[in-house]
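# generate coordinates for the sequence data below:
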Amino acid sequence: MATKNKSLEQRVIDFIREQNLISGGDRVVVAVSGGADSVCLLHILARHKKNWGAELHVAHLNHQLRGRESDADAEYVSRLAVKLGLQATVESRDVAAYRDGEGGSLEEAAREVRYGFLSEVAAKCDTNRVVVGHTCDDHVETVLLHLLRGSGTAGLVGLRPRSILRSADGRQIEVIRPLMEVTRQETVSYCGRYRLAPRSDSSNESPSFLRNRIRMELLPVLRSYNPDIDGALVRLAEIAADDVSFLEQQVSLLWPEVVSEQDGALHLDTDKLRTRPAAIQRQLFRRAIKQLRGDLKDIEADHIETMLQALSKPAGKKIYLPDGLTLHTEYKNLVLTPTRTPVCPLPDIQRTASVHIPGCTDLSGWRVRAELVRESDGGDNGLTAHLDMDKVGRKMTVRRRRPGDRFQPLGMNQIKKLQDFMVDSRIPQSWRDRVPLVCSDKQILWVVGWRIDDRVKVTGKTKNILRLQFERLI
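Predicted coordinates:
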């Protein structure tokens with residue numbers, strides 16, 4: 001970390017070099033609001049751009065939220081860019097109208113519109129790198145903000161020197177933060193020293209924004225308990241960052257073994273997942289979401305914990321996540337899809353096939369293993385069942401459902417229509433014609449994945465037990 005006896009300017013330059021944030025010949029967009037932080041950053045970069053041969057382009061967005069004050073900010077940034085000999089893009093967007101159309105908070109709308117604008121400017125400048133003036137104070141406030149919103153360990157990381165963000169238009173930009181070791185008061189002092197006269201944003205004093213209340217109300221209280229609470233939170237963020245980095249490395253090694261992609265959906269092997277520590281499971285779920293969406297916006301700890309609980313849910317359950325993502329539970333997989341349309345995991349049962357008893361039978365994407373056992377091992381699950389051999393007989397077939405099918409579900413004392421059973425069991429409609437039915441000449445013996453017929457269950461009087469196991473081949 002840079003030492004305090006160096007000038008602010010030198011500390012920022014050293015930080016850029018240590019973190020390799022800007023290299024020789026880089027073309028970068030500098031986001032400048034007109035406030036002390038971004039003005040300080042721009043001034044330092046402009047003074048030293050020849051040192052690394054970087055090409056700077058100033059970007060300012062008028063959010064049209066503060067009337068003449070916003071217009072004056074835009075004029076100030078334009079004049080500053082000219083004074084520093086830099087090209088600038090200064091535009092306006094109606095953030096309030098965007099919020100009315102998209103919903104959510106004004107703060108979130110402003111952020112989405114701003115990064116969309118910065119992404120557009122970066123594309124026009126033939127780069128994806130955007131430099132912003134976030135300081136150590138912003139970092140501390142972000143950690144507290146995430147903590148208050150119920151974030152997990154990943155949220156405690158706060159801001160990083162560089163990160164990848166996806167704008168609303170789908171573009172990805174690399175956000176660079178050279179002022180991470182600089183305080184807000186230091187940027188104000190720097191601007192005063194060079195008579196830069198930065199603008200003051202009146203909305204930063206509004207208690208209607210949670211971040212402002214954290215800065216103006218919560219942090220002063222915390223500092224009364226611990227004068228170095230800022231340093232404590234920075235250290236917490238560093239530890240969290242190290243922990244998350246280690247988990248990400250472990251997940252990268254595990255990913256090919258556990259996750260496969262089919263038709264735009266991610267299939268997660270539940271058996272392999274269950275054997276891993278919960279910390280790895282959580283990080284893997286986060287990575288899966290990010291792979292489908294490009295970011296983790298609006299994903300909170302509660303969402304990840306709900307996904308964790310899905311590992312013990314039966315097939316056919318659905319968990320809805322932000323931005324249309326849906327987690328479906330299957331026999332041996334969790335399937336994460338970018339829409340709410342369930343992906344059917346079942347091979348199509350194209351014909352009725354006889355089952356070899358004992359032996360193996362391959363049919364329409366399934367392999368059926370049948371063996372006589374002395375006792376039930378209690379291993380019944382979606383794809384394994386134990387039946388009373390003397391009640392089912394040795395002639396057995398596998399087929400798809402037919403109109404009028406009925407059976408007596410385990411635990412019930414009366415016959416039920418198969419259609420009603422599937423509805424009550426919440427089997428997705430698109431799956432129902434693909435659910436394998438194990439049948440004798442007289443009745444349905446097993447609705448594979450859900451329930452055997454009560455009349456063929458193993459009891460204390462059973463002499464011969466048939467163990468059936470279904471295994472997917474595709």
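# hang on, isn't I444 packed against F407?
Yes - with contact defined as CB atoms under 8 Å, I444 reaches F407; the gap is 3.9 Å. Where you see a C-beta, it was placed from the backbone N, CA and C, and this is true even at glycine.
# common neighbours of the two, please.
Counting by CB atoms under 8 Å, 6 or more residues apart in numbering, the common neighbours of I444 and F407 are 418, 453.
# can you count the residues close to F470?
19 (other CB atoms under 10 Å).
# cross-check the contact I'm expecting between it and P436.
Yes - using CB under 8 Å, F470 is in contact with P436, at 6.6 Å.
# where do the contact lists of the two overlap?
In contact with both F470 and P436: 366, 448, using CB under 8 Å, 6+ apart.
# could you find the closest non-adjacent residue to R223?
I229 (5.4 Å; CB to CB, 6 or more residues apart in numbering).
# tell me which residues touch that neighbour, please.
I229 neighbours (CB under 8 Å, 6+ apart): 219, 222-223.
# pop out the phi and psi values for it.
Per-residue torsions, I229: phi -60, psi -30 (degrees, to the nearest 10).
# in the stretch 351-474 of the chain, which spans are helices?
389-392, 418-424 (DSSP state H, counting those that start in this stretch).
# quick one: which helix or strand includes the closest residue to V82 other than its chain neighbours?
In space, and not counting its chain neighbours, V82 is closest to A88: 7.8 Å by CB to CB, 6+ apart. Per DSSP states H and E, A88 falls inside strand 87-92.
# in that strand, which residues are buried?
88-90 (16 or more other CB atoms under 10 Å).
# about what we covered before: need the winner for burial among the helices of the stretch 351-474 of the chain.
With neighbours taken as mean count of other CB atoms under 10 Å, these reach their highest mean count in helix 389-392, at a mean of 19.
# contacts for it, please.
Against helix 389-392 from outside (CB under 8 Å, 6+ apart): 372, 440, 445, 455-456, 462-466.
# where in the protein is pLDDT low?
Counting by pLDDT under 70, the chain contains low-confidence residues at 1-4, 167-169, 340-343, 377-381, 474.
# how about the strands in the stretch 251-400 of the chain?
Using DSSP state E, counting those that start in this stretch, the strands of the stretch 251-400 of the chain run over 259-262, 265-269, 318-320, 326-329, 333-337, 353-354, 359-363, 366-373, 384-388, 397-399.
# got the angle for the longest one vs strand 384-388?
Relative orientation of strand 366-373 with respect to strand 384-388: 40 degrees, computed using axes from the mean of the first three to the mean of the last three CA atoms, to 10 degrees.
# just the fifth one next, same as before
Between strand 333-337 and strand 384-388, the angle formed by their directions is 130 degrees, by the same axes, to 10 degrees.
# distance between strand 333-337 and the chain's centre?
Remark: strand 333-337 is offset 14 Å from the chain centroid, using CA atoms, centre = their mean, to the nearest Å.
# now for it, which elements pack on it?
For strand 333-337, the elements it packs on are strand 265-269, helix 270-274, helix 278-293, strand 326-329, judged by 3 or more CB pairs under 8 Å, 6 or more residues apart in numbering; DSSP states H and E.
# so what are the sheet partners of that strand and their directions?
Strand pairing for strand 333-337, using DSSP bridges, gives strand 265-269 (antiparallel), strand 326-329 (antiparallel).
# got the CA positions of the longest one in PDB?
Presented in PDB, the C-alpha positions along strand 265-269 are these (Å, rounded to 0.1, in the frame of the first residue of the first chain):
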ATOM      1  CA  ALA A 265     -29.200 -23.900 -19.800                       C
ATOM      2  CA  LEU A 266     -26.600 -25.000 -17.200                       C
ATOM      3  CA  HIS A 267     -27.000 -28.500 -15.700                       C
ATOM      4  CA  LEU A 268     -25.500 -29.000 -12.200                       C
ATOM      5  CA  ASP A 269     -24.800 -32.500 -11.000                       C
END
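# which residues are contacting it?
Here strand 265-269 makes contact (CB under 8 Å, 6+ apart) with 257-261, 284, 288, 291-292, 330, 332-338, 343, 345.
# domains for this protein, by residue range?
Here the domain assignment for the chain is 8-225, 258-337, 353-472, based on automatic domain parsing.
# okay if I get those domains as TSV plus distance to L236?
As requested, the domains of the chain are arranged in TSV below (distance: least, CB to CB, whole Å):
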stretch	distance to L236
domain 8-225	6
domain 258-337	16
domain 353-472	42
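# so which of the ones you listed gets nearest D243?
Closest to D243 of the domains of the chain is domain 8-225 (CB to CB; 6.0 Å).
# for L41, phi and psi?
Given degrees, to the nearest 10, the pair of backbone angles that L41 has is phi -60, psi -50.
# now, of the strands paired with strand 333-337, which is deepest in the fold?
Buried most deeply of these, by mean count of other CB under 10 Å, is strand 326-329, with a mean of 22.
# bridged to the nearest residue to I357 once chain neighbours are set aside, which residues?
Excluding its sequence neighbours, the residue lying closest to I357 (CB to CB, 6+ apart) is A370, at 4.6 Å. Beta-bridge pairing for A370 (DSSP bridges): G359, L468.
# now A370: how far from V355?
6 Å (CB to CB, to the nearest Å).
# now do the shared contacts for these two.
361, 396, 468.
# out of these, who's nearest D298?
Out of those, the member with the shortest distance to D298 (by CB to CB) is L468, at 43.8 Å.
# is it correct that that closest one is in contact with V398?
No - using CB under 8 Å, L468 makes no contact with V398, being 9.7 Å away.
# in contact with Q419, which residues?
Counting by CB under 8 Å, 6+ apart, Q419 has contacts 401, 405, 432.
# of those residues, closest to A237?
For those, the nearest to A237 is R432 (49.8 Å; CB to CB).
# that closest one contacts M422, correct?
Yes - between R432 and M422 there is a contact under CB under 8 Å: 5.2 Å.
# between L468 and V398, what contacts are shared?
Counting by CB under 8 Å, 6+ apart, the common neighbours of L468 and V398 are 355, 368, 438.
# how close does the first one sit to R213?
For V355, the distance to R213 equals 67 Å [CB to CB].
# and for I319?
32 Å.
# more neighbours, those two?
Between I319 and R213, counted using other CB under 10 Å, the more crowded position is I319 (17 against 14).
# so how far is L266 from the residue nearest to the more buried one when sequence neighbours are not counted?
Once flanking residues are discounted, I319 sits nearest to L327: 4.2 Å by CB to CB, 6+ apart. Distance, L327 to L266, using CB to CB: 10 Å.
# residues contacting D230?
By CB under 8 Å, 6+ apart, the residues touching D230 are 136-137, 140, 219, 223.
# helices along the stretch 101-250 of the chain, start to end?
106-124, 136-148, 153-156, 184-193, 210-213, 219-225, 229-258.
# from the chain's centroid, how far away is stretch 122-131?
That offset, for stretch 122-131, works out to 25 Å (CA atoms, centre = their mean).
# need the contact partners of it.
For stretch 122-131, contacts defined as CB under 8 Å, 6+ apart pick out 21-22, 26-31, 41, 45, 57, 59, 89, 118-119, 171-178.
# one more pass at 10 Å, please.
The contact list for stretch 122-131 (CB atoms under 10 Å, 6 or more residues apart in numbering) reads 16, 21-22, 26-32, 38, 41-42, 45, 54-57, 59, 87, 89, 115, 118-119, 121, 162, 164-165, 167, 169, 171-179.
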